[in-house]
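Have a look at this prediction, sequence included:
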There are 2 protein chains.
Amino acid sequence: MTLKGNAAIGQSGGPTCVINQSLVGAILEGKTQDGIVNFYGAVHGVKGVLKEDFIDLFKESDENLELIAQAPSAALGSVRMKPTVEDCRAIFKNLQKHDVRYFFYVGGNDSAETAHILQTVAEEDNYDLRVFHIPKTIDNDLLVTDHCPGFGTAARFVALAFMGDNLDNRSLPGVKINVVMGRHAGFLTAASVLGRQHDNDGPHLVYVPEVDFSQEKFLADIERVLSKHSNCLIAVSEGIQDADGNPIFQSDEKDSHGNVQLSGTGALGDYLTSIVKKNLKIERVRADTFGYLQRCYPTVTSDVDSREAREVGAHAVRAALSGEHASGSIAIRRISDGKDYASETFVTPLKTVAKHTRHLDEEFILKDESDISQAFIDYALPLVGELPRIGRFQAPRIGG
Amino acid sequence: MTLKGNAAIGQSGGPTCVINQSLVGAILEGKTQDGIVNFYGAVHGVKGVLKEDFIDLFKESDENLELIAQAPSAALGSVRMKPTVEDCRAIFKNLQKHDVRYFFYVGGNDSAETAHILQTVAEEDNYDLRVFHIPKTIDNDLLVTDHCPGFGTAARFVALAFMGDNLDNRSLPGVKINVVMGRHAGFLTAASVLGRQHDNDGPHLVYVPEVDFSQEKFLADIERVLSKHSNCLIAVSEGIQDADGNPIFQSDEKDSHGNVQLSGTGALGDYLTSIVKKNLKIERVRADTFGYLQRCYPTVTSDVDSREAREVGAHAVRAALSGEHASGSIAIRRISDGKDYASETFVTPLKTVAKHTRHLDEEFILKDESDISQAFIDYALPLVGELPRIGRFQAPRIGG
């Protein structure tokens, strides 16, 4: 049965380069659906619903929608807020007031949880609201789906950054540590290896949250690399932890989902630098923390990622209108791989995605070598797109 | 008079995205010159000459040379070393041994100084050596030339980074501080403003080494911005100093030219964050330090920058072979501006470039506003190339 009424959509959590593709995919699909009279964009997610601050999305020109789709970050504004049951009642009041029958929330596992809470309270209140979660996260840490929209582009940024920094570090050799986003899942850090082309290309060492971090192994790994190469390029997840589960670095700041602030500071990189300088007596040791550039840098967007991000937005609207599911999250299934890569989208229940975190598959990690496997490269490369070929001198050496 | 003999070339200082264009420009031009029998690439600059470690560049295929030209960083390897007079004697011995009559050194003002020292000692020794400096620096801080190869691409990276981060910071509002490379010159930090398109786009505040940094003004500036906007995006040069000339942050590490290490650490950004948190009681304050990505990130190269970098390399070889000058540095003159931007290259004496540092022109700085002027935008935009248009919702707001 098709409900007739208005739709609302919000964006939540850390932005990505393609989250606006999902937004615009949903709006354009909404325009083709008779069931949706008006489509409201909640400014800063559930906060906008609580404040009744909406944008009248069907009034936007298609030309401008296409420009918005290509822009990084969350065009509606984002939020990090876990609504209480009281918040949910206030949200319904406002949605009812505006005759909203379809609610779409673009975000990660925290946003899926928010959607799940909303839907649960709506059922209890006998309010007929169809709630769909549209996935996005650069962390790639949602369950059920093969991968998450937003990951391919962030992974492309990281792969390119390591390709450039590998050349930089070969040029002026030393130990270089790059800290990559990733609280609990090492997918983005693993993407650091995707651009390796020559035998001794870095990163030579990769540390992810899935493997206990040991200072002794870290230093021994570096010595092993430097016994073979003149330089050592290292990728480290911001969320690495020791064997007792203590983060190697953390600040005191938390959001309302209980997540500790890890990004927006260079402290972990500087700490690791100091360890290497002190223990290995190496002169040139540097650290960069890639920070927020990883999720919003323009012009390096992956085509596959853009396309899939738009499709999950459109699928959510189709699924909600079809009435086959009263709620759900859109997931991606890989149909074929490599150069023939293809995918399709499907609906999975909200509770299968909400709150849970996916970790790097075991077969993606080479634990002893502190490295990432070929299986991960095969998995991630189609999502990232073609990377540039790097030239290196092949001509003979002339000595003294 | 055309000297007949071998040529040698080296790369020095921090790499850029287009320093290999200059290298390949010189090699390809060298192939057309009868005066050059062999062209030797010194591995890691003057260090390679001292160790007699050369690559036989004429043996490289043109196809591979083109791939190398497009790759960021220094394909021959770089070095930070100021040769002593003793080093220079050892260098000549090795150059003479390999019958080198043309020496090209690609680098910044420190490298021009190295070239100048080499040339001076060569004259004293009556060794007929033509020494040419080929300019490169992302800092854009060489005298005489209108601008430096390497700057346009690094400026493009910074402009794009701020465009993305402006959207990110609008999406999850707060105070965001980005630390940009630039020891003494604020050109690269100034490039943060090049992508502003909408009235309230950031960066809202820009701090360069040319203006004394005051903590009081910094905090007052932020309060002024936050009285008008919901967020505040800030660009800070790594080399900002107080009124007494003391850096706001510095490490103890120096290179042989006396330059203090500023990059490869997040300490300045973290320090500024702590000031803002403590004094202004703002919840969300973050800092990113762009670090080495600014000089070696692939795929965002400016076309104008690539072309000019190749041309200064080729011009150096032509100038050396023509015999009109025994030594010199290649500079760029701007012929026309805006959309009709065009430039030409010319030779300037080594001593006009060696060691000196150019600073941001006074007309480029809006000191009271802590901002950058339209005059700078007119100067820099042709070097950076077209930037993407950013879409923003125009549709009407619906309230309660």
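Yep, that arrived.

Flag every residue of the stretch 301-400 of chain A that's near chain B.
Counting by CB under 8 Å from any CB of the partner chain, the stretch 301-400 of chain A comes close to chain B at A:388-400. Bear in mind the C-beta positions are built from the backbone N, C-alpha and C, glycine included.

Can you give me the neighbour number for the closest residue to chain B within chain A?
Closest to chain B within chain A is residue A:266: 1.3 Å, counting by CB to the nearest CB. When neighbours are counted by other CB atoms under 10 Å in any protein chain shown, residue A:266 registers 27.

try residue A:287
28.

does it sit in a helix, a strand or a coil?
With DSSP: H, G, I helix; E, B strand; the rest coil as the basis, residue A:287 sits in strand.

ok, now which ones touch it?
Contact partners of residue A:287, counting by CB atoms under 8 Å, 6 or more residues apart in numbering or on different chains, are A:176, A:177, A:178, A:179, A:266, A:269, A:270, A:272, A:273, B:264, B:265, B:266.

Mind checking which of those are in helices?
A:269, A:270, A:272, A:273 (DSSP state H).

The residue of chain A closest to chain B contacts residue B:289, doesn't it?
Yes: counting by CB atoms under 8 Å, residue B:289 is a contact partner of residue A:266 at 5.5 Å.

Neighbours of residue A:201, how many?
Counted with other CB under 10 Å, residue A:201 comes out at 19.

Now do the same contact list for it.
Counting by CB under 8 Å, 6+ apart, residue A:201 touches A:166, A:195.

for the spatially most central residue of chain A, what are its contacts?
The C-alpha lying nearest the average C-alpha coordinate of chain A belongs to residue A:138 (CA atoms, centre = their mean; 1.0 Å). Residue A:138 is in contact with A:14, A:16, A:148, A:150, A:151, A:153, A:154, A:155, A:181, A:188, A:294, A:295, counting by CB under 8 Å, 6+ apart.

pull the longest strand from chain A.
For chain A, the longest strand by residue count, based on DSSP state E, is strand A:327-336.

sorry, back to before: in JSON lines, list the residues of the stretch 301-400 of chain A next to chain B along with neighbour count, secondary structure and distance to residue B:124.
Formatted as JSON lines, those follow (neighbours: other CB atoms under 10 Å in any protein chain shown; DSSP: H, G, I helix; E, B strand; the rest coil; distance: CB to CB, whole Å):
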{"residue": "A:388", "neighbour count": "16", "secondary structure": "coil", "distance to residue B:124": "46"}
{"residue": "A:389", "neighbour count": "9", "secondary structure": "coil", "distance to residue B:124": "46"}
{"residue": "A:390", "neighbour count": "22", "secondary structure": "coil", "distance to residue B:124": "42"}
{"residue": "A:391", "neighbour count": "21", "secondary structure": "coil", "distance to residue B:124": "39"}
{"residue": "A:392", "neighbour count": "14", "secondary structure": "coil", "distance to residue B:124": "38"}
{"residue": "A:393", "neighbour count": "20", "secondary structure": "coil", "distance to residue B:124": "34"}
{"residue": "A:394", "neighbour count": "11", "secondary structure": "coil", "distance to residue B:124": "39"}
{"residue": "A:395", "neighbour count": "17", "secondary structure": "coil", "distance to residue B:124": "34"}
{"residue": "A:396", "neighbour count": "11", "secondary structure": "coil", "distance to residue B:124": "34"}
{"residue": "A:397", "neighbour count": "11", "secondary structure": "strand", "distance to residue B:124": "31"}
{"residue": "A:398", "neighbour count": "17", "secondary structure": "strand", "distance to residue B:124": "28"}
{"residue": "A:399", "neighbour count": "8", "secondary structure": "coil", "distance to residue B:124": "28"}
{"residue": "A:400", "neighbour count": "10", "secondary structure": "coil", "distance to residue B:124": "24"}
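
quick one on the thing from earlier: ok, and the most crowded of the contacts of residue A:287?
Ranking those using other CB under 10 Å puts residue A:179 first, with 31 neighbours.

That residue: what's it in contact with?
A:236, A:237, A:238, A:266, A:268, A:269, A:272, A:287, A:288, A:289, A:290.

If we use 10 Å, what do you get?
A:189, A:207, A:234-240, A:249, A:262-263, A:265-272, A:287-291, B:266 (CB atoms under 10 Å, 6 or more residues apart in numbering or on different chains).

one step back: let me see the mean pLDDT of the helix or strand that the longest strand of chain A is followed by.
The helix or strand immediately downstream of strand A:327-336 is strand A:342-348, counting by DSSP states H and E. Strand A:342-348 shows a mean pLDDT of 98.

what's strand A:342-348 packed up against?
strand A:130-135, helix A:303-322, strand A:327-336, helix A:374-384 (3 or more CB pairs under 10 Å, 6 or more residues apart in numbering or on different chains; DSSP states H and E).

all helices of the stretch 151-300 of chain A, in order?
Along the stretch 151-300 of chain A, counting by DSSP state H, counting those that start in this stretch, helices occupy A:151-171, A:187-190, A:215-226, A:267-280, A:293-296.
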